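Enquirer: sequence? don't have it. structure:
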């Protein structure tokens, strides 16, 4: 007879065997996951551009391209070959001959970063062509089409085959701008400026010089004018003499103008009356403050006028005197001018505003012409207690807005506002700088780079 203890042991053994069989059967029924040999076969990895580079030079003989690396703020030279792929923004194949200085490309380089494998015009680039630029060299900022961008010392600034300082871009120069939001990459001058040096013009000293459509200046000795390149019409006039000449100005070059060839006896002198509203406004003629409580003697021809009164918009324009007794009426709020003759006869005199409003004569026919945006300026503001000193380059002649100031080192009375400072020396390239002088009650000392010798880049 089997004992109860032995029966209990057998039951436990049978139960253990049943559990093991069940576990074994369950494990064989579970399907194992298949091993994937290429888990990322549907994902393609594409290497992005190494950097955005601005072209500074292309050497087609040595097959080298110099780039300003906008990511690392440096300049480096890279090799290229016939196998290098060059694409436009729209994926058009480009030849290396189409690559221009100042253009920005997304650049792909070899593993050792020495060769360019591919370059494509940057897609997110802001480009403004044939536009003007305002430079703030102290803040390292520039403004194009009312938008301000920061710039660095590595920004590509190029004109007439040479790299220039951004301050050398004149206010009237036209440029192609390239950059991204907040950061300027390059400025390439498309229409620059040159210089006119009048000679043999002693008969005109003390009179008026007009660069038609550009500026009206007093005639002084040893003048050197910075003007836009192209054909410029120049008129000099004094009480007794007048002369007008067309001058072909080349970028970066000085053109001599012999005014003795064009000097002729000045025509009659007119007596011009001014009626200006509101009362108390100041009248400037050719940059000089005048008393218009009585008739003013002016020669026939063109004169710059400006009316200023605090609380009202300034009026500026060109007065063209063609008859003996014109009356000029100017109303500041409307910025309009009306010309009448005292004897009620037909008047040929006219006045035109450089702000877009022009007036007719008493017969209703306007014969004036607009002076342009830079035609007339009020009397310059000076800080007579302080001075500007130019300490370098030594020996260079200094001109401020065309007026001779002396030879470096030299000092002159501090002028407040924007000026064009020109440096010139025989045998060297003439340079101009656009500067803005603040009214900070301080003396200023400027040291400019040495002028390059003519024929040297």
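Expert: Now that the structure is in, tell me what you want to look at. Model, not experiment: these values are computed from the prediction.

Enquirer: now the helices: where do they sit in the stretch 51-200 of the chain?
Expert: With DSSP state H, counting those that start in this stretch, there are no helices along the stretch 51-200 of the chain.

Enquirer: low-confidence bits of it, can you list those?
Expert: Along the stretch 51-200 of the chain, no part satisfies pLDDT under 70.

Enquirer: kindly provide the distance from residue 423 to residue 159.
Expert: As for residue 423, its distance to residue 159 is 16 Å (criterion: C-beta to C-beta, to the nearest Å). (C-beta placed from N, C-alpha, C; glycine too.)

Enquirer: actually residue 110, not the one I typed
Expert: 33 Å.

Enquirer: looking at these two, which is more packed in?
Expert: Neighbours were counted for residue 110 and for residue 159 using other C-beta atoms under 10 Å; residue 159 has more, 20 against 12.

Enquirer: what's stretch 283-303 in contact with?
Expert: Stretch 283-303 is contacted from outside by 208, 210, 216-218, 235, 237-239, 242, 266-274, 276, 282, 304-308, 318-322, 325, 376-380, using C-beta atoms under 8 Å, 6 or more residues apart in numbering.

Enquirer: buried subset of those?
Expert: 208, 210, 216-217, 235, 237-238, 242, 266, 270, 272-274, 276, 282, 304-308, 318-322, 325, 376-378 (16 or more other C-beta atoms under 10 Å).

Enquirer: and the lengthiest strand in the chain, what's buried?
Expert: Ordering each strand of the chain by length in residues (DSSP state E) puts strand 410-424 first. Across strand 410-424, burial judged by 16+ other C-beta under 10 Å covers 410-412, 414-415, 419-424.

Enquirer: what does stretch 63-80 give?
Expert: 63, 65-70, 76, 78, 80.

Enquirer: list the contacts of that stretch.
Expert: Residues from elsewhere that reach stretch 63-80, judged by C-beta under 8 Å, 6+ apart: 51-59, 81, 96, 99, 104-105, 107, 109, 114-116, 152, 154-156, 183, 185-186.

Enquirer: gap between the residue most central in space within the chain and residue 176?
Expert: By C-alpha atoms, centre = their mean, the chain has its centre lying nearest to residue 133, at 2.2 Å. For residue 133, the distance to residue 176 (C-beta to C-beta) stands at 10 Å.

Enquirer: okay, and the common contacts of those two?
Expert: Joint contacts of residue 133 and residue 176 (C-beta under 8 Å, 6+ apart) are residue 187.

Enquirer: which residues touch residue 100?
Expert: Residue 100 touches 55, 188, counting by C-beta under 8 Å, 6+ apart.

Enquirer: ramachandran angles for residue 260?
Expert: Main-chain torsions, residue 260, degrees, to the nearest 10: phi -60, psi -20.

Enquirer: sorry, back to before: now do the contacts for the residue nearest to the centre of the chain.
Expert: 142-144, 169, 173, 175, 177, 187.

Enquirer: report the beta-bridge partners for it.
Expert: Taking DSSP bridges as the rule, residue 133 bridges to residue 144.

Enquirer: just the buried positions in stretch 309-318, please.
Expert: 309, 312, 314-318.

Enquirer: run the chain-centre distance for it.
Expert: 26 Å (C-alpha atoms, centre = their mean, to the nearest Å).

Enquirer: so how far is the first residue of it from its last?
Expert: This stretch, stretch 309-318, spans 19 Å end to end (C-alpha to C-alpha, to the nearest Å).

Enquirer: repeat that for stretch 310-319.
Expert: With C-alpha to C-alpha, one end of stretch 310-319 sits 23 Å from the other.

Enquirer: chain center to it: distance?
Expert: 26 Å.

Enquirer: do stretch 183-194 as well
Expert: How far stretch 183-194 lies from its chain's middle: 7 Å, per C-alpha atoms, centre = their mean.

Enquirer: would you mark the buried spots in it?
Expert: 184-189, 192-194.

Enquirer: what ranges of the stretch 301-450 of the chain fall below the confidence cut-off?
Expert: In the stretch 301-450 of the chain, residues with pLDDT under 70: 334-380.

Enquirer: now do the strands in it.
Expert: Using DSSP state E, counting those that start in this stretch, the strands found in the stretch 301-450 of the chain span residues 301-308, 315-321, 326-331, 336-341, 350-353, 381-392, 397-400, 403-407, 410-424, 431-437, 444-447.

Enquirer: each with direction, which strands does the longest one pair with?
Expert: Each strand paired with strand 410-424, and its direction, by DSSP bridges: strand 381-392 (antiparallel), strand 397-400 (antiparallel), strand 431-437 (antiparallel).

Enquirer: now swap in the third one and tell me
Expert: The strands that strand 326-331 pairs with in its sheet are strand 269-277 (parallel), strand 336-341 (antiparallel) (by DSSP bridges).

Enquirer: just to revisit the earlier point, switch the strands of the stretch 301-450 of the chain over to CSV; also include distance to residue 85.
Expert: What follows is the strands of the stretch 301-450 of the chain, written out as CSV (distance: least, C-beta to C-beta, whole Å):
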stretch, distance to residue 85
strand 301-308, 57
strand 315-321, 55
strand 326-331, 64
strand 336-341, 61
strand 350-353, 55
strand 381-392, 47
strand 397-400, 50
strand 403-407, 55
strand 410-424, 45
strand 431-437, 40
strand 444-447, 46
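
Enquirer: closest to residue 230 out of the ones you listed?
Expert: Between residue 230 and the strands of the stretch 301-450 of the chain, the tightest spacing by C-beta to C-beta is seen for strand 431-437, at 16.4 Å.
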